[in-house]
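>>> sequence-free structure coming up:
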């Protein structure tokens, strides 16, 4: 709070930096307390048939979709014009996006988490997250090298599909909620080993039980997903859609540009929606979000006695690094990750978000069946 207040008075940073820091802090606490890591949630559903955490993702999309529908009406009341809401993560759909999703799923399995998962696990003491994030910077660089060929060959001719263009906000929201309800029904039926939605109340004083529920026990998927959906709506309304890769890709792009290792022009990139990298020597709004995210997750882990340094070996460090490269490469091609494309995209009624959701889950499913996550 004090840091957010301090930087809000800095004219070079502005109020958006302070708001981004607070949004990141709220998100970091929620992800850490709810263990809201997309790979962990996918793995539990696929490997353990525990689909209860998976419901948290569905709830986050549902709550965010309601918030986005209300917010979009302020910026674009008429959906029949062909225009898109400003800055929303609504991207073109192509086989490149599907491939990026599959590669992201493989990268999650190899590294042990999605990018947002690695960031909050740093706060929990994960040493394996370090090579994964370093690998992602290299992966972003590889994506920049490939971008022009991919964009000019495929993405530039791909359609950007937004449900409200055809069904309006009410129709798009209804379709989204029906799809989420159907997926939830499938998940519940599949989850033969699912845990209860909430932790049982332990004996003892009311104060101790409340303290354990807030600081120690894993938050329920309904609570976690609801908070994530609300934070996503606030973030879009005040700054930009949620995402965790913009600052990471900006670091990579700025470094490569400094040494003239980038193409002279990255065709079409700066006109697209998503976690777009820029050349910057200062912390972006997304950078402040990530700082708040990591330090708040650290605080939550310390308060809940969950902070512990994770052991790292040559083997799991190597697989984390390789997985991180795939995470960065796929995030660069897709212009975001499971937070930016999947979460913010589906909340904004973009078909691109659903395409990434399905393909990332497929990549994770295949990787787990091949036991890549145990490498």
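Here it is on my side, so go on. These numbers were taken from a predicted model, which means no experiment stands behind them.

>>> by contact count, what packs against the helix or strand hosting residue 145?
Assigning secondary structure by DSSP states H and E places residue 145 in helix 129-153. In terms of contacts (3 or more C-beta pairs under 8 Å, 6 or more residues apart in numbering; DSSP states H and E), helix 129-153 is packed against helix 95-111, helix 115-124, helix 246-258, helix 314-334. For the C-beta atoms, the positions are set from N, CA and C on the backbone; glycine is no exception.

>>> and that helix, what's buried?
Neighbour counts over helix 129-153 (16 or more other C-beta atoms under 10 Å) mark 129-133, 135-137, 139-144, 147-148, 150-151 as buried.

>>> quick check: buried residues in the lengthiest helix in the chain?
Across the chain, the helix with the greatest residue count (assigned by DSSP state H) is helix 163-190. Within helix 163-190, the residues scored as buried using 16+ other C-beta under 10 Å are 163-165, 167, 169, 172-173, 176, 180, 183-184, 187.

>>> out of those, who's nearest residue 74?
Sorting the buried residues of helix 163-190 by how near they are to residue 74, with C-beta to C-beta, puts residue 169 at the top with 11.4 Å.

>>> just to check, the closest one is in contact with residue 78?
No - using C-beta atoms under 8 Å, residue 169 is not in contact with residue 78; the gap is 10.5 Å.

>>> shared neighbours of those two, anything?
Overlap between the contact sets of residue 169 and residue 78, as judged by C-beta atoms under 8 Å, 6 or more residues apart in numbering, is nil.

>>> wait, what's in contact with the nearest residue to residue 263 once chain neighbours are set aside?
Across the structure, with C-beta to C-beta, 6 or more residues apart in numbering as the measure, the residue nearest residue 263 apart from its sequence neighbours is residue 148 (5.5 Å). Counting by C-beta under 8 Å, 6+ apart, residue 148 makes contact with 263, 265-267.

>>> equivalent analysis for residue 33, please.
Taking C-beta under 8 Å, 6+ apart as the criterion, residue 33 is in contact with 214-215, 218-219, 224, 300, 304.

>>> out of these, which end up buried?
Among the contacts of residue 33, those that count as buried by neighbour count (16+ other C-beta under 10 Å) are 218-219, 224, 300, 304.

>>> which one of those is nearest to residue 101?
Proximity of those to residue 101 (C-beta to C-beta) peaks at residue 224, which lies at 22.9 Å.
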